[in-house]
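In: Would you be able to build a 3D model of this:
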Amino acid sequence: MHRTPSPAAPSSVDHPADTLTEPSAARSVGSPAPEDLSVLVVGAGLAGAQTAAALRSHGATGRITVLGAEGVAPYDRPPLSKELFTRTSPAWLVDETGADLDVLADETVLDDPAVALTLGADGGPSVVTTASGRTIAADVVVLACGSEPVRPVGWDSATTLHTAADAEVLRASLSPGRRLVCVGAGWIGAEVAGAAAAQGVEVTVVEAAPVALHRQLGAQVGALLAGWYEKAGVTLVTGVTVTSVGPEGVHVDHGTHREMIGADVVLAAVGARPATGWLAGTVPTGPRGDVQTDIHGRVLAGPGSASGEGEPPETAASQPAVWAVGDCATRADDMWGRVHGGHWSAALLDPGTVARSILGLETPPVPAPYVFSTQLGHDLALFGLPDPTADSVVLRGDPSTPGTGWVACYVGEAGTVTGILVVDSPRDVAAARRLMARGPALLDLDKVADPTVPLKATAAATPRSA
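Out: Predicted structure coming up:
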């Protein structure tokens, strides 16, 4: 699906859709007129659409081309799991954020994904090749290609949930009385489990870790969530290994015995990886395939930078005019260290930093990483970057009291709070965001533990970076 700009769209040149896109005269980001640079955004999700919007809002007048892979206009992904049954059409970004690629981009190609990148040499344009064989050259390439769900080998009969098409298939396969097994008690598994159980589906969640959300929230906090599953009518099975998945259900190993859990539908919710296989080593990637960038989102130059050895990431040399943002990127940050782009807030807010960097403008500090979830009848908001395996936890409020909210503060070795989880307590969300705004925060932990003290009043000193 090709989209050309509406009459109101800013366009420097009108190019037929089937010809090579010619870049403007190649120039560095520090040149006199960076606003004239041609930009190719690879990815038509939230990060890609926000990048195009930020470029235009900050004064970019050069040609913008956006490549997508799904064949549909940009939409927001969180509702796919959170609102699986209550929102049956995509949350289109033109309605959610106002990002209309028909107006923002000179050309939008929604069904011809990128398959190769050739970096520009000596300040020249870079070239992206698409699945159809088309080549598109641009002064600047922004990688916003997102992620893809992990489907272990042999799990062909399992479904995944990542796209609007996936959600439509999953929704159609679930009706009252049918049996769903979610493999994975992470964000997606928990959200789908709660939504499906509320529709009368018989749901079992299978998790290898000892508690739900173990990797995201740690053992202590994860253990507090077990009662949510039971109350929602969901069976939670933890500490087991899935040995195989087939049309009849899931085979698990408890250590002392094996069991087959029958299912009509199996959802593999065991994680996602950056969709960067097509880059084939042209830019540095980490172990997960995530593209390594500096603090402004510009792609780092060498393998040493990607591994974290040698020159600090924020001062390392950069690739020729290539940026990365959103799920596919891991960004250096002077407050948080390395920030994986899998946070929804990264796709929403980091494009502003990328756009300003491309245009040679000053880049303000990026807000703290933020994750939100609605699962099993509860609302969760997590600010910061806690290390659940190492940080201690200070609880605020009583998680065992029904109908009351609570907060968990993660405290690192330096005594600073590295993350704040807010559960069912809307009044504390804004305070948690502010406390985490400048990085790990030094809080009075006695006040944190006292719910009679407003959370915003718990700062012991000016927040400091780790």
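
In: switch to C-alpha atoms for all contacts and neighbour counts from now on
Out: OK.

In: before we move on, what SS does G222 have?
Out: Using DSSP: H, G, I helix; E, B strand; the rest coil, the structure places G222 in helix.

In: Now for the residue sitting nearest the centre point of the chain: which residues touch it?
Out: Centrality entry for the chain: nearest residue to the mean C-alpha point is G342, 2.7 Å, by C-alpha atoms, centre = their mean. For G342, the set of contacting residues under the criterion of C-alpha atoms under 8 Å, 6 or more residues apart in numbering consists of G326, D327, C328, A329.

In: The last one and T285: what is the separation?
Out: When you say that, I think you mean A329. Distance check for A329 against T285: by C-alpha to C-alpha, to the nearest Å, it reads 9 Å.

In: any residues in contact with both of these two?
Out: Contact criterion C-alpha under 8 Å, 6+ apart; residues shared by A329 and T285: V291, Q292.

In: Looking only at neighbour counts, state which of the two leads.
Out: Set side by side, A329 and T285 give different neighbour counts by other C-alpha atoms under 10 Å, the larger being at A329 (33 against 27).

In: Does that one touch H340 like I think?
Out: Yes - with the criterion set as C-alpha atoms under 8 Å, A329 and H340 qualify as a contacting pair; they are 6.3 Å apart.

In: which helix is the longest one in this structure?
Out: The helix of greatest length in the chain, counted in residues with DSSP state H as the criterion, is given as helix 344-358.

In: Beyond that one, next helix or strand please.
Out: The first helix or strand that comes after helix 344-358 along the chain, using DSSP states H and E, is strand 370-375.

In: Show me what the very next helix or strand once past that next one pairs with in its sheet, parallel or antiparallel.
Out: Counting by DSSP H and E, the next helix or strand C-terminal to strand 370-375 is strand 378-384. Sheet partners assigned to strand 378-384 using DSSP bridges are listed as strand 370-375 (antiparallel), strand 417-423 (antiparallel).

In: List of residues touching the longest one?
Out: Meaning strand 417-423. Judged by C-alpha under 8 Å, 6+ apart, the contacts made with strand 417-423 from elsewhere in the structure are 378-387, 405-412, 428-429, 432, 436, 439-443.

In: which residues touch G218?
Out: Contacts here follow C-alpha under 8 Å, 6+ apart; on that basis G218 touches P388, T389.

In: Please, which helix or strand holds it?
Out: Element membership of G218, judged by DSSP H and E, is helix 214-223.

In: For that helix, buried residues please.
Out: Residues H214, Q216, L217, G218, A219, V221, G222 are the ones in helix 214-223 that count as buried (16 or more other C-alpha atoms under 10 Å).

In: Just the CA trace of that helix, in PDB.
Out: What follows is the C-alpha trace of helix 214-223 in PDB, where atoms were taken according to Å, rounded to 0.1, in the frame of the first residue of the first chain:
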ATOM      1  CA  HIS A 214       9.500 -12.200  37.700                       C
ATOM      2  CA  ARG A 215      11.900 -10.600  35.200                       C
ATOM      3  CA  GLN A 216      10.100  -7.300  35.200                       C
ATOM      4  CA  LEU A 217       9.200  -6.800  38.900                       C
ATOM      5  CA  GLY A 218      11.300  -9.400  40.800                       C
ATOM      6  CA  ALA A 219      10.400 -12.300  43.200                       C
ATOM      7  CA  GLN A 220       9.100 -10.200  46.100                       C
ATOM      8  CA  VAL A 221       6.700  -8.100  44.200                       C
ATOM      9  CA  GLY A 222       5.800 -10.900  41.800                       C
ATOM     10  CA  ALA A 223       4.700 -13.000  44.700                       C
END
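
In: Tell me the helix or strand right after that helix.
Out: Counting by DSSP H and E, the element after helix 214-223 in chain order, helix or strand, is helix 226-231.
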